[in-house]
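*Asks:* Give me a 3D structure for the following:
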Amino acid sequence: MIDSPRLSLGRRLLDAQIPFFREHFGQVDSQWKADRSRVTEVDLKISREILSALALDFPQDLALSEEAPLPDPACFSEHEYCWVLDPVDGTNNYACGLSSCAISLGLLRHGEPVYGWIYDYGLDAVFHGGPGLGMFCGASRVQPMQRDVAPEQRLLAVHFPLPEEVHLRMLSVLSVLSVLSAYKIRSLGSAALNLLYVALGRMDAVMEHGIKVWDIAAAAALLKACGLEMHGKGADVFPLRADSRVDAPFGYVAGNAELVSLLLAAEAGE
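*Replies:* Prediction:
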């Protein structure tokens, strides 16, 4: 069971950053990092403030952020709780004034997502929850939408650009291309929102090829709260272990069991 002080703190930390996040939306300078991802002072400030508060309130916990030096992965087996922060998920959108962007804060216990908080800028709402606890929007419990649609009407979220190794696989077996032509594709520019909207039932599945753990730690907890499935490509994303490469991109598929099976089979060329 997650202790309530951590749940209360997570929500307070997220809420405290929302006015600053909204104030600078579309009006902040940005730079490009060595990995070709974008960063703004908003990313850096939110990261500093949340990590500092976590260190003060729960110094025994591990905390990761996209915008902070990473600890030795061996630490994952030494800490019961680990916080995983993406201070601005969808930084390209945020800097350009596109509303698909979020603050994402996840809580892991023994390497598994147990609770997540996501501030969705476009909806101006905080979604939170975890497995066994349900999902909430603010103080109200959320029941995922039930989408009963024909296969060709299913909405599939895919993040672009695709990594080079996926391009090579496309050229050899065309399996991913067959998926892209079979469903209605959405690319929001925010991995956290892609997965959140699958949890909410607004989209049917998500197929990612090059994201990192801070992109989805919070949304993974919400997905599990709704009884949906997530499968890593080659190896499951969670639990984080001492041999995990948190700075390495990975792929996964998530959604209802039927569609996840179809996507995994298509990617395998079956």
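*Asks:* Pro239 is in contact with Arg109, isn't it?
*Replies:* No - judged on C-beta atoms under 8 Å, Pro239 makes no contact with Arg109 at a distance of 9.2 Å. In this view, the C-beta of every residue, glycine as well, is placed from N, C-alpha and C.
*Asks:* tally of neighbours for the residue lying closest to Ala219 once chain neighbours are set aside?
*Replies:* Of all residues not flanking Ala219 in the chain, Leu195 sits nearest, at 3.6 Å (C-beta to C-beta, 6 or more residues apart in numbering). Counted by other C-beta atoms under 10 Å, the residues lying close to Leu195 total 31.
*Asks:* isn't Leu195 right up against Leu222?
*Replies:* Yes - between Leu195 and Leu222 there is a contact under C-beta under 8 Å: 7.5 Å.
*Asks:* helix or strand for the spatially most central residue of the chain, which one?
*Replies:* Among the residues of the chain, the one closest to the centroid is Ile216, at 1.9 Å (C-alpha atoms, centre = their mean). Using DSSP states H and E, Ile216 maps to helix 213-225.
*Asks:* any idea where the helices of the stretch 1-150 of the chain begin and end?
*Replies:* Using DSSP state H, counting those that start in this stretch, the helices found in the stretch 1-150 of the chain span residues 4-23, 41-57, 91-96.
*Asks:* possible to save the ones you listed as TSV with mean neighbour count?
*Replies:* Shown next, in TSV, are those (neighbours: other C-beta atoms under 10 Å):
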stretch	mean neighbour count
helix 4-23	15
helix 41-57	17
helix 91-96	21
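*Asks:* Just put these in JSON lines and tack on mean pLDDT and distance to Met203.
*Replies:* Listed next are the helices of the stretch 1-150 of the chain as JSON lines, based on pLDDT from 0 to 100; distance: least, C-beta to C-beta, whole Å:
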{"stretch": "helix 4-23", "mean pLDDT": "97", "distance to Met203": "23"}
{"stretch": "helix 41-57", "mean pLDDT": "97", "distance to Met203": "26"}
{"stretch": "helix 91-96", "mean pLDDT": "94", "distance to Met203": "17"}
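*Asks:* Now render those helices as JSON lines, adding distance to Val114.
*Replies:* Formatted as JSON lines, these follow (distance: least, C-beta to C-beta, whole Å):
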{"stretch": "helix 4-23", "distance to Val114": "9"}
{"stretch": "helix 41-57", "distance to Val114": "15"}
{"stretch": "helix 91-96", "distance to Val114": "26"}
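*Asks:* For Gly129, find the nearest of those.
*Replies:* The closest of the helices of the stretch 1-150 of the chain to Gly129 is helix 4-23. By C-beta to C-beta, the value is 10.1 Å.
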